[in-house]
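# pasting the sequence and the predicted model now:
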Amino acid sequence: MNRLIRRFVLAWFIFAPSFLFAQDQRPNIVLIIADDLNWDDLGTYGHPSIHTPNIDGLAENGMRFDSAYLTASSCSPSRASILTGRYPHNTDAEQLHWDLPSSQLTFSEKLKEAGYWTGAAGKWHMGEEIKSRFDLVKESYYGNGSQSGADEWLQLLDVRPKNKPFFLWLAAWDSHRPWFKGQSDLPYQHTHKDVRLPPYYPPTELYFEDFVAYYDEVSRFDMNVGRVIEKLKQQNIVENTLILVITDNGRPYARDKTTLFDSGVKTPLVVQWPKGIKNKGSSTQSIVSVIDLSATFLDLANATKPSSIEGNSFKSLFGNPNLKFRDYAFSERNWHDFEDHGRSVRSKRYRYIRNNYNDLPATPSGDTVYHKTWWELVRLNDLGMLNKHQARPFLAPRDREELYDLEADPYELNNLAADKKYQTILSNHRAILDSWIKDTNDFIPSVRTPDDFDRRTGDKLPTRVRPRPSKQETYGSGSY
């Protein structure tokens, strides 16, 4: 009998680790991030002609979030915020191209500690210091022949350990400029008749042509999402894999990317998890922020959320999409090629924006300003051929405050801040933003950062040092 017991104990110690891993029911997590994609430029969000069957299929088999918001409408600050679960001004990487410092805690390292294998592939854009927070990082550069940034996504699924749950950060270059119409690798090509041009752009031939090329980039992103889904099916792990598709900011045009409008900081959030989301094809109107992603992932991994994370888990929405989660989402605008500083709060119906540097025009990103669509906008503005909405990127000074009713005015064209009928709503949103500023230790920089480009021509200016500014001692609502 003693011999049998000894054999049983020996067998347990030999096979227990693999047995325990086999019993690990925690989901795999795959986060797929588009670059410069507008939230409503997908079929599942109501676009009538953009070809996005794979993302639409995720929504049909999972859940669509209709009120998901970014904390910034700039590439690297947005990504740093997602990875840390913190607002950009608390990441020490709030300006474009500032590396995320090693002092910042990331959810990927906490997933590693919890037993997950973690990998990242594609666009990185957060510096070298925190690459070690993943088990493997395969960075793609736009100039090294990888136009989509998705070339190595599938490799991560091939090399991952097969006895551990995993987290993948898959980041595309699509649909960041430059792009080209008629890409040969696409199964679908768009035409002028597919274009839905917002009213704040002039309906010229050049804009229609450019939107066609942008639509093709969106479809290429969708095509690569489909390849990930197919690989998960081939590996027979799709049932317990949570797939999420988001963007880092809005489309790269004036009035979208780098702005605090919905077209700058609202994100698509499409989720599929067959084992965890039983109500297929559901949608939720609950407000969520991308700072909540980190807390949600750690919750699913049964890992403790560190105190540095400013978001909360929305896992409960997977079971009941009708639950109320957030009352408000907050976003910020900092230096991105051009100096600016703004803050915004989004409630269910309204958006309030505070422009702290309202003496400056709302010049868009550099990749927009050194493009022919901007030069055409400048030309038409000089000729007096733009309406007031199309000419807003040139307006200086701007309104210090902006308030929009998104139900009545989805394109955010009619500023209600001076309307007497909305003063109570304005005061409420002003107070909410002030409270957030105080609670998160937000600040206005002590010095302004110089522009990188000429605001009119897009010409590169002499390179100047961008010192990290100190915080001002006070930051209040001021006098309005």
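Yep, it's here.

# now stretch 346-357: average pLDDT?
The average pLDDT for stretch 346-357 rounds to 98.

# run the chain-centre distance for the longest helix along the chain.
In the chain, ranked by residue count with DSSP state H as the criterion, the top helix is helix 205-234. A distance of 17 Å separates the centroid of the chain from that of helix 205-234, by C-alpha atoms, centre = their mean, to the nearest Å.

# assign Thr403 to helix, strand or coil.
Quick fix: residue 403 is Leu, not Thr. strand (DSSP: H, G, I helix; E, B strand; the rest coil).

# give the bridge partners for it, please.
Each beta-bridge partner of Leu403 is listed here, defined by DSSP bridges: Tyr352.

# so what's it up against?
For Leu403, the contacting residues are 350-353, 415-417, 422, 425-426, 429, taking C-beta atoms under 8 Å, 6 or more residues apart in numbering as the criterion. Every C-beta, even on glycine, is put in place using the N, C-alpha and C of the backbone.

# how about the helices in the protein?
With DSSP H as the criterion, the chain has helices at 2-22, 53-61, 75-84, 107-113, 153-159, 205-234, 262-265, 291-300, 316-319, 366-369, 372-382, 423-439.

# and which of the contacts of Leu403 is nearest Val218?
Arg351 (24.3 Å; C-beta to C-beta).

# surely the closest one meets Asp262?
Yes: contact criterion C-beta atoms under 8 Å: Arg351 and Asp262 qualify, at 6.9 Å.

# name the residues contacting each of those two.
By C-beta under 8 Å, 6+ apart, Arg351 and Asp262 have these common neighbours: 406, 412.

# those strands in the protein, which residues are they?
Remark: strands assigned in the chain by DSSP state E are 28-34, 63-65, 68-69, 117-122, 136-139, 166-171, 241-247, 269-272, 282-284, 288-289, 329-333, 342-346, 350-355, 401-405.

# each with direction, which strands does the second one pair with?
For strand 63-65, the paired strands and their directions (DSSP bridges) read strand 269-272 (antiparallel), strand 282-284 (parallel).

# could you give the mean pLDDT of the last one?
Averaged over strand 282-284, pLDDT sits at 98.

# give me the number of neighbouring residues for the residue lying closest to Tyr214 once chain neighbours are set aside.
Closest residue to Tyr214 in three dimensions, ignoring its sequence neighbours and counting by C-beta to C-beta, 6 or more residues apart in numbering: Ser175, at 5.7 Å. The criterion is other C-beta atoms under 10 Å. On that basis, Ser175 has 25 neighbouring residues.

# which stretches of this structure have low pLDDT?
By pLDDT under 70, the weakly predicted segments of the chain are 1-23, 142-146, 181-182, 184, 469-480.

# mind putting the strands of the chain into JSON lines with distance to Leu111?
Written out in JSON lines, the entries for the strands of the chain read as follows (distance: least, C-beta to C-beta, whole Å):
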{"stretch": "strand 28-34", "distance to Leu111": "8"}
{"stretch": "strand 63-65", "distance to Leu111": "22"}
{"stretch": "strand 68-69", "distance to Leu111": "21"}
{"stretch": "strand 117-122", "distance to Leu111": "6"}
{"stretch": "strand 136-139", "distance to Leu111": "13"}
{"stretch": "strand 166-171", "distance to Leu111": "5"}
{"stretch": "strand 241-247", "distance to Leu111": "12"}
{"stretch": "strand 269-272", "distance to Leu111": "18"}
{"stretch": "strand 282-284", "distance to Leu111": "24"}
{"stretch": "strand 288-289", "distance to Leu111": "20"}
{"stretch": "strand 329-333", "distance to Leu111": "24"}
{"stretch": "strand 342-346", "distance to Leu111": "29"}
{"stretch": "strand 350-355", "distance to Leu111": "33"}
{"stretch": "strand 401-405", "distance to Leu111": "38"}
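
# many thanks, we can stop here.
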